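the sequence and its predicted three-dimensional model are supplied below.
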Amino acid sequence: MARDYKLLKWSVIFIFINVKIQFINITPNILGYILIVIACSNLYYDTNDKFFLKSKKIASILILVDVIIFFINTTSPSYIILQTIVYNILRLMLFYNIYSGTIALVHSKYATLTIKLFKTQKTLIYYFVFLSILFSLTLFSNNNGLTFVLFFSIFFRLVFALYLMVDFNNIKAKLEEYEATNL
């Protein structure tokens, strides 16, 4: 199970941090979603928790959405806003279910970690609501306001990605510790 949380940690890099060299994205979202599908499949197999199954299905949908976006590739503002809203809702559902499954997984072993994960679950909701508000503000902004909102959302996205990575790393470490003592 610790290996699966390592995969989840790496998936955050691919999903939240976009590194492009000219027009080539060297950290495509689709790889992050594939890692989530693999990790959640393994976690579902190990725990039989419905939240990991839901996460796997949502990640599969996001893979399909990514493929569709790649082939449509339009710059229409209304399409981009719709895409962003749908994408954010699906991501919220994805990480919410991952955290719900994780809370159920570690609840009996690590009460303090469970409380921290529950707080992270609430933080996820706040993050996506905040991000959605920022993107809706771009509709009413002039160029300077748009630049500020986009810069702030990118900064906030990076901070949140680091937050998720640290969380997944802590879970991985606790599970490795548990697996080492119970072998």
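Yes, it's here.

could you use CA atoms for every contact and neighbour count after this?
Will do.

nearest the geometric middle of the protein, what residue?
Nearest residue to the geometric centre of the chain (Cα atoms, centre = their mean): residue 95, 5.1 Å.

list the contacts of that one.
By Cα atoms under 8 Å, 6 or more residues apart in numbering, the residues touching residue 95 are 55, 124.

what's the helix or strand for it?
helix 77-106 (DSSP states H and E).

buried ones in that helix?
81, 84-85, 88, 90-103, 105-106 (16 or more other Cα atoms under 10 Å).

avg pLDDT for it?
Mean pLDDT, computed over helix 77-106, is 77.

how many residues are close by residue 168?
24 (other Cα atoms under 10 Å).

does it touch residue 4 like I think?
No: when contacts are counted by Cα atoms under 8 Å, residue 168 is not listed as touching residue 4 (9.5 Å).

show me how far stretch 8-15 is from its chain's centre.
Counting by Cα atoms, centre = their mean, to the nearest Å, stretch 8-15 is centred 7 Å from the centre of its parent chain.

mind listing residues that contact that stretch?
27-33, 35-36, 39, 161, 164-166, 168-169.

which of those lies closest to residue 71?
Distance ranking of those against residue 71, using Cα to Cα, places residue 30 first at 13.5 Å.

secondary structure element holding the closest residue to the closest one other than its chain neighbours?
With Cα to Cα, 6 or more residues apart in numbering as the criterion, residue 30 has its nearest non-adjacent residue at 5.5 Å, and that residue is residue 63. Assigned by DSSP H and E, residue 63 falls within helix 50-72.

packing partners of that helix?
helix 29-47, helix 77-106 (3 or more Cα pairs under 8 Å, 6 or more residues apart in numbering; DSSP states H and E).

now these in a markdown table, with distance to residue 156?
Converted to a markdown table, those look like this (distance: least, Cα to Cα, whole Å):
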| stretch | distance to residue 156 |
| --- | --- |
| helix 29-47 | 18 |
| helix 77-106 | 14 |
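
that concludes my questions; thank you for your assistance.
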